[in-house]
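Visitor: Next input, structure requested:
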Amino acid sequence: MHLTVSHLHKQFPSQKGIVVALKDINLHVEEKEFVCAVGASGSGKSTLLRLIAGLDLPTAGEILVDGVPVTGPGADRGMIFQSYTLYPWLSVAKNVGFGLRLRGLSQRVIQEQVSYYLDVVGLSKFAQALPRELSGGMKQRVAIARALVSQPKILLMDEPFGALDVQTKEKMQLFLVDLWQRTGTTIFMITHDVEEAVFLGERIYVLSAHPGTVKAEINLADLPSEPTYQVKRNLIFQGYKDKLLDLLRDQEAINDSIP
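Guide: Below is the predicted model:
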């Protein structure tokens, strides 16, 4: 799997004129990588992810998955949103298998795939539960299983843990790292949480704002390969966190100085 974003530009019309959301974005994600993009409000993070998912079209530039241009949504890209987007009237199993049923697969294949991915996310015992019976973290795991069951080439995540409390968020971060290491799933995730980006990512793109551009690319190769809660106290970890915060503060200072 190879995701390439080249010279991406996105603008929107408004009452005050043209608003440039993204300008000359260049980035790449390789097979089995976990890459994060971090930026403050106004950096176009969600717009970027929507473009990669094919939910919107760029004004200029191109997005390629394995050399094929992205022109709309596709099974090669799984999408996880901050809100859980589960069907409240369907059981966990039926939520996970919803897309497979739309593809007309046999009931036997659907049951096998749903059972496998519910086991992957640790929710086999809750297959017949309704979403209202689940915690926030469990709902997000259902959403992840639903995305994975279609076996996408890349999993796109739009601040998936932003609505969770601190304790649940940390548990979900550990769960996601374990899932990524066990399945080899390629992940591109956007977040405003600097600590989360350093904890999860192998590489980080820092996005500036107004318009959104790639300000820096940071490789985290020298961090421990087996993340635990304790790694957040590591001096190297703290150094990366401080570097990212400084980059974002510099951008805020620039924005504040613009009349």
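Visitor: where in this structure is pLDDT low?
Guide: 251-259 (pLDDT under 70).
Visitor: Let me see the domain layout of it.
Guide: Following automatic domain parsing, one gets these domains for the chain: 2-76+154-257, 84-151.
Visitor: In JSON lines: those domains, plus mean neighbour count.
Guide: (Each C-beta comes from the backbone N, C-alpha and C, glycine too.) Below are the domains of the chain laid out as JSON lines (neighbours: other CB atoms under 10 Å):
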{"stretch": "domain 2-76+154-257", "mean neighbour count": "17"}
{"stretch": "domain 84-151", "mean neighbour count": "17"}
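Visitor: Show me where the stretch 51-200 of the chain has its strands.
Guide: 60-65, 68-69, 77-80, 154-158, 186-191 (DSSP state E, counting those that start in this stretch).
Visitor: now what about the first one, what contacts it?
Guide: When contacts are defined by CB atoms under 8 Å, 6 or more residues apart in numbering, strand 60-65 is touched by residues 1-9, 24-25, 51-52, 69-70, 74, 76-77, 153-154.
Visitor: T213 is nearest to which of the strands of the stretch 51-200 of the chain?
Guide: strand 60-65 (12.3 Å; CB to CB).
Visitor: What pairs with that closest one, parallel or antiparallel?
Guide: Next to strand 60-65 in the sheet, as set by DSSP bridges, lie strand 2-14 (antiparallel), strand 68-69 (antiparallel).
Visitor: That strand vs strand 154-158, what angle?
Guide: Calculated by axes from the mean of the first three to the mean of the last three CA atoms, to 10 degrees, strand 60-65 forms an angle of 130 degrees with strand 154-158.
Visitor: Just the helices from the stretch 101-250 of the chain, written as ranges.
Guide: Assigned by DSSP state H, counting those that start in this stretch, the helices in the stretch 101-250 of the chain fall at 107-120, 136-148, 166-183, 194-200, 235-257.
Visitor: want to try CSV for those helices, with distance to K45 as columns?
Guide: Rendered in CSV, the data for these read as follows (distance: least, CB to CB, whole Å):
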stretch, distance to K45
helix 107-120, 27
helix 136-148, 18
helix 166-183, 18
helix 194-200, 11
helix 235-257, 12
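Visitor: quick one, which of those is nearest to A209?
Guide: Per CB to CB, nearest to A209 of the helices of the stretch 101-250 of the chain: helix 235-257, 6.1 Å.
Visitor: mind checking which of the strands of the stretch 51-200 of the chain is nearest S43?
Guide: Between the strands of the stretch 51-200 of the chain, strand 186-191 lies closest to S43; by CB to CB that is 9.1 Å.
Visitor: who does that closest one pair up with?
Guide: In the sheet, strand 186-191 lines up with strand 34-39 (parallel), strand 154-158 (parallel) (DSSP bridges).
Visitor: and the angle from the longest one to helix 166-183?
Guide: With the same axes, to 10 degrees defining the directions, strand 34-39 sits at 140 degrees from helix 166-183.
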